[in-house]
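Asker: predicted structure and sequence below. I'll ask about it afterward.
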Amino acid sequence: MQLKLNNFTKTFGEVTVIDGMDLTVNDGEMMALLGPSGCGKSTTLFTICGIHRMNGGDLHFGDRDVTHLPSQQRNVGVVFQNYALYPHMDIRDNIAFPLKVQKQDSATIKRKVNEIAELVHIPELLDRKPAQLSGGQQQRVALARALVRQPDVLLLDEPLANLDAKLRLEMRSEIRRIQLETGITAILVTHDQVEAMSMCDRIALMRDGKIEQLSEPSEMYNNPANTFVAGFLGNPPISFVNAQVAGGSFTFGDNTVAIAEALKPRVGGEVQLGIRPEHFGPQFGTGVTGKISFVETQGREDLYNVTLNSGGMIRSIQPAGERLKMGDAVSWGVSPEAVLAFDTSGDRL
Amino acid sequence: MTANFRSLPVILLLTIVSLPLVIMYAFTIVDTFTNTEPGSLMPNEFTTEHWRFLWSSDVGRGSVWVSTVNTFIFASTTALIVSGISLTAAYALSRLEFPARRFFLAGIIILHAFPTITLIIAIFLILQLLGLFDTLIGVIMVKTALELPFGIWIMKGFYDTVPWEIEMAGVQDGASRFMVWRKLVLPQVQPGLAALLIFSFLSGWSEFILPLVLAPGSDAQVLSTYLAYFLLDDSLEVDFNLFKSVGLFYAVPVILIYLVFQKKLMNIYGGGSKG
Ligand SMILES: Nc1ncnc2c1ncn2[C@@H]1O[C@H](COP(=O)(O)OP(=O)(O)O)[C@@H](O)[C@H]1O
Ligand SMILES: [Mg+2]
């Protein structure tokens, strides 16, 4: 079911946390709300499920206006960061709780609980108590409980934050699998760009209560609207240098980088260049000189920080090979097509 | 084995330190069943005469059985009312936004620390006015009122430890606030409730000042005032072994409750302190 948030405003006392936000999540889509801590992701999520009241704007599920409906009448499934399982009930009762509230008959409840347990792969855990489960298993139970009464939308608030690295990888694909299998419209709140990029159809990147950019993961990575977006996505992160446009190339100090044809008409004077680590290295020729100031091997790849002779630093990531040492002087090139140019206020040119 | 050896000195020390207490308790029990020659330490004859207050009516003031029933009613009624009100009031204070919430919270802390004995004159006057002086109902009401701040504070501590996400999850699952409270929150403060029930029952059982001042007659008398009568009334020749027997009779339920429920009572110190 499509979810449409219109001109949504939320204030806590004097503080405006969200100001006039528009957001549409299409039917069956998984949308990431991505952004640094405190930018208003959870606030948005809790408003959609009815825990917070809106100070302005409206919210529609499909054609239904739910702006003023209490949580109980919204039919939203929520998975909380700490799972919020009911500790005194066994897993079966936890999952059955939403159905018992609706007073469905026990045969139906039993069937639905078994079905959903099958879907999230926990049929053997139904008789345990939450305290007897691992983090990943609790997560699956929370998902099952949120999904069992077939909600219109599924909301997930930092669902992977409490898991260790290996489980996180596993649950990432599990959550996506379950979302695709049920075809439910979902919103995933996270501050982790990798989660957002790997799990979701589209990403809404937020800063200070505003959506900076809303697009598909690859589009957002390759085509960021401003320096904030460019800097938020990518690991290791993008490097920025200040440059001048002179004679068909960007120059900074004694370094030059050619300007791609498509970019030429749009740039002039002072610019900020964003260079991703995979677009800087010996395979792109020469033109940028500096000293290696940091080396980190990640097994398959080596990560270098190159401090430019003119000041500033650019990161480079390269396939593991003959290892350069700290202090080595290098003269590497930058892929002109991949350079991102921003004006001095940070907007993309 | 080695662990036992290492703790041996500690056990020895504790034994020596607590020996006087143990001997005193032992003698109290022995004394109630025996007679001892004046000046002697060792008892010389077995007797049940110190327990005669249980069956003969000419000992003490009023019947011990009436007092026992009164004490029981007094303690259990206070415990039930205190627990019932604390259960709901503490939830409101812990979770709900309502006008003057801060004022109530501050009031509870102050009342909790207030030396209640200073209120006794005022309470006496009010009870007289209401016609509840020297009645069990009057003392129950006063005891309940004085015990409530403690109960509410303890229960609030327990409610505060229940994650609010659990309540929100319940609301999302479609349950009303009341149902969430009953089905999801109450089971989690249940240890606190049990502890509070026992605790306020024991507190009622051992209450002395309030019945002494507010229900001085023999009809509404409880065991503590029944016991005190043996000391206060100077027309009676003080029979210390009789006094010890009544004391033991009075203390046995308390000891039993402690033995049976000590685990549950510990909760009050564990969970409540978080408040
Ligand atoms: N109940 C509240 N009362 C006051 N301020 C709040 C409340 N909830 C959140 N905030 C503020 O709103 C901002 C956004 O919070 P939140 O939505 O939780 O951020 P996040 O993106 O990390 O989930 C923060 O500055 C936070 O301090
Ligand atoms: Mg948050």
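Answerer: In hand now; what should we look at? Ligands and ions are numbered 1, 2, ... in the order given.
Asker: show me the contacts for the residue in the stretch 101-250 of chain B that ligand 1 sits nearest to.
Answerer: Evaluated by C-beta to the nearest ligand atom, the stretch 101-250 of chain B has B:Trp164 as its residue closest to ligand 1, separated by 10.7 Å. Just so you know, the C-beta spots here come from the backbone N, C-alpha and C atoms, and that holds for glycine as well. Listed by C-beta atoms under 8 Å, 6 or more residues apart in numbering or on different chains, the contact set of B:Trp164 reads B:Arg95.
Asker: and it, what pLDDT?
Answerer: Turning to B:Trp164, the model gives it a pLDDT of 92.
Asker: stretch A:18-33 close to ligand 1?
Answerer: No: figure legend: stretch A:18-33 not in contact with ligand 1 (C-beta under 6 Å from any ligand atom); closest approach 7.9 Å.
Asker: and the average pLDDT for that stretch is what?
Answerer: For stretch A:18-33, mean pLDDT rounds to 95.
Asker: with stretch B:265-275 instead?
Answerer: 56.
Asker: do the same with stretch A:73-81
Answerer: pLDDT averaged over stretch A:73-81 gives 94.
Asker: please apply the same query to stretch A:159-173.
Answerer: On average, the pLDDT along stretch A:159-173 is 90.
Asker: and it, how far out from the chain middle?
Answerer: The gap between where stretch A:159-173 is centred and where its chain is centred comes out at 14 Å by C-alpha atoms, centre = their mean, to the nearest Å.
Asker: what's the end-to-end length of that stretch?
Answerer: 12 Å (C-alpha to C-alpha, to the nearest Å).
Asker: in it, what counts as buried?
Answerer: Residues of stretch A:159-173 classed as buried: A:159-160, A:163, A:167-168, A:171-172 (neighbour count, 16 or more other C-beta atoms under 10 Å in any protein chain shown).
Asker: contacting residues for B:Arg134?
Answerer: Small correction: residue B:134 is Asp, not Arg. B:214-217, B:219-220.
Asker: how many neighbours does the residue of the stretch 1-150 of chain B found nearest chain A have?
Answerer: The stretch 1-150 of chain B approaches chain A most closely through B:Glu97 (12.7 Å), counting by C-beta to the nearest C-beta. Neighbours of B:Glu97 under the rule other C-beta atoms under 10 Å in any protein chain shown: 6.
Asker: what element comes up after the lengthiest helix in chain A heading to the C-terminus?
Answerer: The single longest helix within chain A, with elements called by DSSP state H, is helix A:165-182. Using DSSP states H and E, the helix or strand that follows helix A:165-182 towards the C-terminus is strand A:185-190.
Asker: off-centre distance for that following strand?
Answerer: Put simply, strand A:185-190 sits 9 Å off its chain's centre (C-alpha atoms, centre = their mean).
Asker: what does stretch A:125-133 give?
Answerer: So, by C-alpha atoms, centre = their mean, the centroid of stretch A:125-133 is 31 Å from its chain's centroid.
Asker: same deal with stretch A:240-249?
Answerer: 31 Å.
Asker: interface residues of chain B facing chain A?
Answerer: For chain B, the residues in contact with chain A (C-beta under 8 Å from any C-beta of the partner chain) are B:163, B:165-166, B:168-176, B:179, B:183-184, B:187-188.
Asker: Three-state assignment for A:Thr256, please.
Answerer: Secondary structure, DSSP: H, G, I helix; E, B strand; the rest coil: A:Thr256 is strand.
Asker: once you drop chain neighbours, what's closest to it?
Answerer: Using C-beta to C-beta, 6 or more residues apart in numbering or on different chains and skipping the chain neighbours, the partner closest in space to A:Thr256 is A:Ser249 (4.5 Å).
Asker: ok, now which ones touch that neighbour?
Answerer: A:Ser249 sits in contact with A:256-259, where contact means C-beta under 8 Å, 6+ apart.
Asker: what's it sitting at in phi/psi?
Answerer: Torsion angles at A:Ser249 (phi, psi; degrees, to the nearest 10) stand at phi -140, psi 160.
Asker: so what's it bridging to?
Answerer: Counting by DSSP bridges, A:Ser249 forms beta bridges with A:Ala246, A:Ala258.
Asker: within range of chain B, give me the residues from the stretch 1-150 of chain A.
Answerer: Selection of the stretch 1-150 of chain A residues close to chain B by C-beta under 8 Å from any C-beta yields A:49-51, A:71-72, A:76-78, A:80-82, A:84, A:86-88, A:97-98, A:101-102, A:145-146, A:149.
Asker: restricted to helices, list the residues you listed.
Answerer: A:97-98, A:101, A:145-146.
Asker: any idea which of the residues you listed is closest to ligand 1?
Answerer: Among those, and counting by C-beta to the nearest ligand atom, the member closest to ligand 1 is A:Ala146, at 18.4 Å.
Asker: just the pLDDT for that closest one.
Answerer: Reported pLDDT for A:Ala146: 96.
Asker: helices along chain B, start to end?
Answerer: B:2-33, B:64-95, B:101-113, B:120-130, B:136-160, B:164-172, B:177-179, B:186-205, B:209-214, B:223-232, B:240-271.
Asker: between the last one and helix B:2-33, how many degrees?
Answerer: So that's helix B:240-271. In terms of direction (axes from the mean of the first three to the mean of the last three C-alpha atoms, to 10 degrees), helix B:240-271 departs from helix B:2-33 by 140 degrees.
Asker: against A:Ala146, how distant is B:Ala194?
Answerer: Using C-beta to C-beta, to the nearest Å, B:Ala194 is found at 32 Å from A:Ala146.
Asker: centroid residue for the chain?
Answerer: By default, I'm working from chain A. Nearest residue to the geometric centre of chain A (C-alpha atoms, centre = their mean): A:Ala196, 2.8 Å.
Asker: actually chain B
Answerer: Centre-most residue of chain B, counting by C-alpha atoms, centre = their mean: B:Ser203, 1.6 Å.
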